[in-house]
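Participant: Provide a 3D model corresponding to the input given below.
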Amino acid sequence: METAYKIKPAKRILEIPKYIFAELNEWKDEARAQGIDLIDLGIGNPDGATPRPVVEAALKSIQMPESHGYPSFRGKDDFRRAIASWMKRRYNVDVDPIQEVQTLIGEKEGLANIALAYSDPGDINIVPDPYYPVLSRGSWVAGAQVYHVPLTDENDYLPDLDSIPEDIARKAKMFFINYPNNPTGATAPREFLEKIVAYCKKYNILLVSDMAYGEVCYDNYRPLSIFNIEGAKDIAVEFHSFSKTFNMAGWRAGFAVGNKEFIDVLYAMKSNIDYGTSSIVQDACIAALEMDYKYVQEIMDKYNSRREIVAQGFNKLGWHMKRSSATMYFWLKVPEGRHSKEFCKEVLFKTGVMFTPGIAFGQYSDDHFRVSIVQPAERLLEAFKRLDASGIRYM
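Facilitator: You can find the predicted model right below:
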């Protein structure tokens, strides 16, 4: 029976655009219901098992009664020390494990919480477009406005800081960047990082660096931490994820590093609305950070071999694009005159191959689609066989 009451959600929730990944799940359900054999190259969900040393550490931890209680809001001291050691070893960055590290229930949660912690209704935050959805949605949930800076191939998918209006720069509270970049695969050179640090210092903006793909790199490429830039710790905080580096997407773990002021504010927000990361997961993460790097290299070698299959496959179909030196994605133009949702839906129901339409990543991205290399080689080869047979081409 329909209730007589109509209790409305907050206006800011109603105004947030529909999360397109929910719509994509509906497409996939419809395709499966039609008996289509789905090859999902849409969501960036790592396939394969979590490395054995990580699993063994979790199995050991779950048998310890002390792991069964509430975890620390900040994170276990041993975990934060392991994070600090890893940051020094991988990025040559010095981090105080007690005052400059906050553990997270996945990096996405942390990025949303930092926006909530620093944004008042009416504030302006700057987000390059295309973008990982939470980089804008956290601000919208907080009631802040988002100024989107277009990322273009001509500018190597780096935001043109000089294009940002002076009044926006002066009002801006936060500036989110994500390099290596999802969805474009772009990387940021030192010169750009130096420029954006100087920019944020000039305008007193908190710079939030999302490094989810910092370890997903090829051809001997190594990205810089924002803290490799002199003075960055004065205005920046950096977020890292265990999902892609260690095949731990379902474990929900990440961390933020930065100066004590920013970490304390993030801690204050988190401690008011959630608890800490499970002690069992933290013990697993310690093992991940301390295990032989060969386990991570095996994951990256797998992605690298897939990268070659996908690049060759698209080139054969008429897409001629540069191979990115990082991430697990390809960012490709839709055929001339098409919209990304229309194109991706047609491909799905013609071939069973799922791509993510570019519009999922922002208003400037409807002429692109994203491909995730998250299927075994034989499934990727099958995907291109179907695309070829169905006449999918770039024209």
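
Participant: contacts only, for the closest residue to Asp156 other than its chain neighbours.
Facilitator: Distance criterion C-beta to C-beta, 6 or more residues apart in numbering; nearest residue to Asp156, sequence neighbours excluded, is Ala186 at 6.1 Å. Where you see a C-beta, it was placed from the backbone N, CA and C, and this is true even at glycine. Contacts here follow C-beta atoms under 8 Å, 6 or more residues apart in numbering; on that basis Ala186 touches 151, 156-158, 179-180, 324.

Participant: I'd like the distance between Ala186 and Ala326.
Facilitator: 8 Å (C-beta to C-beta, to the nearest Å).

Participant: give me the common contacts of those two.
Facilitator: Pro180.

Participant: surely Ile177 is in a strand?
Facilitator: Yes. Assessed with DSSP: H, G, I helix; E, B strand; the rest coil, Ile177 lies in a strand.

Participant: got the phi and psi for Ser243?
Facilitator: Ser243 adopts backbone torsions of phi -60, psi -50, taken as degrees, to the nearest 10.

Participant: actually Val371, not the one I wrote
Facilitator: As for Val371, its main-chain torsions (degrees, to the nearest 10) stand at phi -120, psi 130.

Participant: quick check: bridge partners of it?
Facilitator: Phe330 (DSSP bridges).

Participant: ok, it touching Lys333?
Facilitator: No. Using C-beta atoms under 8 Å, Val371 makes no contact with Lys333, being 11.9 Å away.

Participant: wait, a strand at Met174?
Facilitator: Yes. Read with three-state DSSP, Met174 is one of the residues of a strand.

Participant: just checking, it touches Ile126?
Facilitator: Yes. Contact criterion C-beta under 8 Å: Met174 and Ile126 qualify, at 7.1 Å.

Participant: which residues do those two both contact?
Facilitator: Listed as contacting both Met174 and Ile126 by C-beta under 8 Å, 6+ apart are Ile205.

Participant: any idea which helix or strand in the chain has the lowest mean pLDDT?
Facilitator: Ranking every helix and strand in the chain by mean pLDDT, DSSP states H and E puts helix 11-15 at the bottom, with a mean of 80.

Participant: downstream of that one, the next helix or strand is which one?
Facilitator: Once the chain leaves helix 11-15, the next helix or strand it forms, by DSSP states H and E, is helix 20-33.

Participant: so which residues make contact with that next one?
Facilitator: Against helix 20-33 from outside (C-beta under 8 Å, 6+ apart): 38, 40, 42-43, 133, 341, 345, 348-349, 352, 354, 356-357, 359-360.

Participant: how about Trp234, what does it touch?
Facilitator: Quick fix: residue 234 is Asp, not Trp. 201, 259.

Participant: quick check on it: phi, psi?
Facilitator: Dihedral pair for Asp234: phi -70, psi -30, per degrees, to the nearest 10.

Participant: okay, it and Lys260: tell me how far apart.
Facilitator: Separation of Asp234 from Lys260 (C-beta to C-beta) stands at 12 Å.

Participant: if we can go back for a sec, what about Val371 and Lys333, which has more around it?
Facilitator: Comparing Val371 with Lys333 by other C-beta atoms under 10 Å, the one with more neighbours is Val371, at 23 against 16.

Participant: contacting residues around the more buried one?
Facilitator: 41, 310, 314, 329-332, 355-356.

Participant: for Pro130, same thing?
Facilitator: Contact analysis of Pro130 by C-beta under 8 Å, 6+ apart lists 151, 183-184, 331, 358, 361-362, 364-365, 368.

Participant: how close does it sit to Met354?
Facilitator: Distance, Pro130 to Met354, by C-beta to C-beta: 18 Å.

Participant: again, but for Asp167
Facilitator: For Asp167 relative to Met354 (C-beta to C-beta), the value is 42 Å.
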